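# fold the following, please.
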Amino acid sequence: MRKLLSVFSIALMAVPVMGQRLPAFPGAEGFGKYATGGRGGKVYYVTRNDDCSDNNLVEGTLRWALRSGDDSPRTILFKTCGTIYLTSKLAFAHPNVTIDGSTAPGGGVCIAGYKFAVSKPNVIIRYMRFRAGDVPDKSNPAVDVENTKNVIIDHCSITWSMEECLTMYDCDSTTVQWSIIGEGLYASKNAKGVRAYATQWGGEHSSMHHCLITNSNSRSPRFNGVRNASKNPGDHDQFVDSEFFNNVVFNWGKPNSLYGGECNKDNNNGDNYNRIYMVNNYFRPGPATAANVKATRFFVEASTKGGQGQWLLKGNKFETGNKFVDASNPCWSDGALAKVNADNWYGFTSNSAARAVNMVLGNNEENYNKHALKSQDVSSGMTLQTADEAYRAVVNGAGASLPMYDEVDRRLLDEAAGKTDPQFAGHTNGKISRGLGIINSPYDVRLSKTDSFKVGDKVVTCYPYLGMEKGERVMVDTDGDGLPDKYELEKGLNPNDASDGRAITPSGYSNLELFLHGISDGSIDKAAY
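Numbers count the residues shown, from 1 in each chain. Modelled structure (predicted):
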């Protein structure tokens with residue numbers, strides 16, 4: 001994020017805070033903020049856009065960068081730009097990894113095709129795009145984070161998936177921040193049927209903040225909670241504290257924009273818990289909301305199957321004066337929304353007792369007292385903005401902003417900001433989607449300029465152009481330590497000695513990390529190198 005949080009920010013007070021350690025990078029927050037990733041390790045450059053197989057790694061591919069070598073720390077950078085199409089699932093083979101797309105040439109990189117699976121601990125991912133698409137006839141999430149810990153995803157764009165765009169649970173100490181999630185595919189090639197899901201998200205000690213969750217039929221998000229019995233502690237999430245702070249949810253297509261949050265008690269412990277802290281989020285209805293959400297409206301549909309978790313709800317806001325919804329409908333009148341905004345528990349209700357608990361204060365006092373948290377039990381120590389402040393910050397700063405926003409992300413931000421209206425709907429695959437903003441295929445989106453790559457005999461032309469412009473050059477890095485030669489000379493380092501890039505400075509960060517931080521906050525101009 002290039003901007004500091006507002007001076008009017010407020011903090012959750014009087015709760016236990018995790019110990020003070022070096023953040024993954026300046027601006028890292030949430031339970032995953034202490035990941036070290038590839039700090040002090042070797043640099044792997046991705047130099048080509050094609051893929052290989054796990055059994056025949058080809059140097060320069062992303063798969064090679066993630067799966068070769070040993071468990072020592074590594075930072076993956078890019079000397080290529082454009083779409084990298086994965087021909088099979090790509091799972092991490094090693095822990096201690098940083099992936100940073102900010103210094104890539106051109107418009108940066110986009111990972112398409114099969115699932116990108118973060119399956120090892122201690123990972124930092126920044127300034128990357130993940131758009132699985134519908135070319136492989138598989139029900140792939142774009143990004144899958146499971147059975148791992150100490151992961152932070154920052155300024156990424158995770159969209160265009162046939163399943164959830166982001167699947168993240170059965171893990172511990174994770175953060176997703178300043179990212180765009182959504183515009184999943186509705187009537188696509190998923191054998192389960194229609195989807196357009198944003199994210200199924202959770203985990204023990206999990207944080208999601210300052211994200212734009214957009215143009216999704218459902219799961220915006222689906223709180224995973226404690227859902228699965230487990231004979232072995234640690235197999236599944238059992239003691240869950242989830243922070244959902246300062247996010248923007250736009251153009252959801254079902255009444256339950258968010259749902260889930262179960263707390264299953266049928267494992268061997270019996271004392272597990274699911275606590276969701278949902279504070280200062282901004283909800284902006286869109287055309288798909290107006291088309292499909294008529295008689296019911298709530299922040300969260302709280303599933304009761306397997307038991308209900310506990311919730312802290314405060315400071316969340318529905319946009320009033322919204323042009324898409326019918327203000328004459330009692331569900332969407334400014335008066336009704338003002339009531340919900342003043343007391344969020346009035347937004348935690350459903351007309352379907354089979355799927356939700358009616359926790360409106362005064363209507364069911366027992367359920368309210370049992371499930372409504374008055375304060376946060378466990379905190380990552382995050383500083384919060386108000387819902388209005390967060391809305392302005394997110395629509396101006398979420399997503400893969402470096403090396404530059406691409407056409408898709410710029411449109412999604414502009415739609416959420418109200419600068420333009422959602423204009424694309426699903427018309428492919430013989431089925432109409434559920435309203436403007438909900439697409440069936442990437443081919444439903446019109447682009448001014450597209451990338452072009454082959455998958456087998458098929459030429460794919462539905463991804464945005466990310467190539468280099470005339471006169472642009474790739475940074476010269478003779479020793480391969482991630483630092484441009486010119487920068488090393490300016491800082492008194494040796495452009496022929498790779499050890500100084502990974503050397504740890506008095507700040508606690510490596511020389512390479514300090515360079516990447518400067519690119520991120522704008523104090524270093526990549527074009528100068």
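
# pLDDT below threshold where in the stretch 151-300 of the chain?
Residues of the stretch 151-300 of the chain that meet the criterion pLDDT under 70 lie in 228-234, 256, 265-270, 295-300.

# what segments of it are helices?
287-292 (DSSP state H, counting those that start in this stretch).

# now do the stretch 401-529 of the chain
So, for the stretch 401-529 of the chain - with DSSP H, counting those that start in this stretch - the helices run 407-417, 485-490, 499-502, 511-521.

# mind listing what the helix or strand hosting A117 pairs with, with the direction of each?
According to DSSP states H and E, A117 maps onto strand 116-118. Looking at strand 116-118 with DSSP bridges, its partner strands are strand 90-91 (parallel), strand 143-146 (parallel).

# ok, back up a step: turn the helices of the stretch 401-529 of the chain into a markdown table, columns for mean neighbour count.
Yep, even glycine has a C-beta here, placed from its N, CA and C like the rest. Shown next, in a markdown table, are the helices of the stretch 401-529 of the chain (neighbours: other Cβ atoms under 10 Å):
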| stretch | mean neighbour count |
| --- | --- |
| helix 407-417 | 21 |
| helix 485-490 | 16 |
| helix 499-502 | 20 |
| helix 511-521 | 21 |
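
# dump those helices into a markdown table; add distance to A527 as well.
What follows is the helices of the stretch 401-529 of the chain, written out as a markdown table (distance: least, Cβ to Cβ, whole Å):
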| stretch | distance to A527 |
| --- | --- |
| helix 407-417 | 20 |
| helix 485-490 | 12 |
| helix 499-502 | 20 |
| helix 511-521 | 11 |
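
# tabulate these (JSON lines), appending distance to L62 and mean pLDDT.
Output for the helices of the stretch 401-529 of the chain, formatted as JSON lines (distance: least, Cβ to Cβ, whole Å; pLDDT from 0 to 100):
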{"stretch": "helix 407-417", "distance to L62": "20", "mean pLDDT": "99"}
{"stretch": "helix 485-490", "distance to L62": "25", "mean pLDDT": "98"}
{"stretch": "helix 499-502", "distance to L62": "20", "mean pLDDT": "98"}
{"stretch": "helix 511-521", "distance to L62": "18", "mean pLDDT": "99"}
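
# right, and those helices - which one's nearest I125?
Nearest of the helices of the stretch 401-529 of the chain to I125, taken as Cβ to Cβ: helix 511-521 at 12.6 Å.

# which elements pack onto that closest one?
Here helix 511-521 touches helix 499-502, going by 3 or more Cβ pairs under 8 Å, 6 or more residues apart in numbering; DSSP states H and E.

# for the helix it packs on, name the packing helices and strands.
For helix 499-502, the packing partners by 3+ Cβ pairs under 8 Å, 6+ apart come out as strand 42-46, helix 511-521.

# tabulate the ones you listed (CSV), appending distance to G82.
Putting the helices and strands packed on helix 499-502 into CSV (distance: least, Cβ to Cβ, whole Å) gives the following:
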stretch, distance to G82
strand 42-46, 11
helix 511-521, 20
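
# of the ones you listed, which is nearest L466?
Proximity to L466 (Cβ to Cβ) singles out strand 42-46 among those, at 13.5 Å.

# let me see the contact set for the nearest residue to E415 once chain neighbours are set aside.
Nearest residue to E415, sequence neighbours excluded (Cβ to Cβ, 6 or more residues apart in numbering): P422, at 5.1 Å. P422 is in contact with N215, N251, G286, P287, A288, E415, L436, G437, counting by Cβ atoms under 8 Å, 6 or more residues apart in numbering.

# output these as JSON lines; include the columns distance to K42.
Formatted as JSON lines, the contacts of P422 follow (distance: Cβ to Cβ, whole Å):
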{"residue": "N215", "distance to K42": "39"}
{"residue": "N251", "distance to K42": "43"}
{"residue": "G286", "distance to K42": "45"}
{"residue": "P287", "distance to K42": "49"}
{"residue": "A288", "distance to K42": "46"}
{"residue": "E415", "distance to K42": "41"}
{"residue": "L436", "distance to K42": "47"}
{"residue": "G437", "distance to K42": "43"}
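
# and the residues you listed, which two are furthest apart?
Between any two of the contacts of P422, the greatest separation by Cβ to Cβ is 11.2 Å, found for A288 and E415.

# quick one, strands of the stretch 251-400 of the chain?
Secondary structure of the stretch 251-400 of the chain by DSSP state E, counting those that start in this stretch: the strands cover 256-260, 273-279, 282-284, 298-302, 310-314, 317-318, 383-384.

# nearest to G471, of those strands?
Of these, nearest to G471 by Cβ to Cβ is strand 282-284, at 39.8 Å.

# what helices or strands is the closest one leaning on?
Using 3+ Cβ pairs under 8 Å, 6+ apart as the contact test, the elements touching strand 282-284 are strand 248-252, strand 317-318, helix 387-397.

# and the residue nearest to R21 when sequence neighbours are not counted, what element?
Leaving out its chain neighbours, the residue that sits closest to R21 by Cβ to Cβ, 6+ apart is Y34, at 4.9 Å. Using DSSP H and E, Y34 maps to neither a helix nor a strand.

# number of nearby residues for Y34?
Here the number of neighbours of Y34 (other Cβ atoms under 10 Å) works out to 20.

# list the contacts for H210?
Listed by Cβ under 8 Å, 6+ apart, the contact set of H210 reads M1, Q177, W178, F245, N246, N247, A390, A393, V394, G397, A398.
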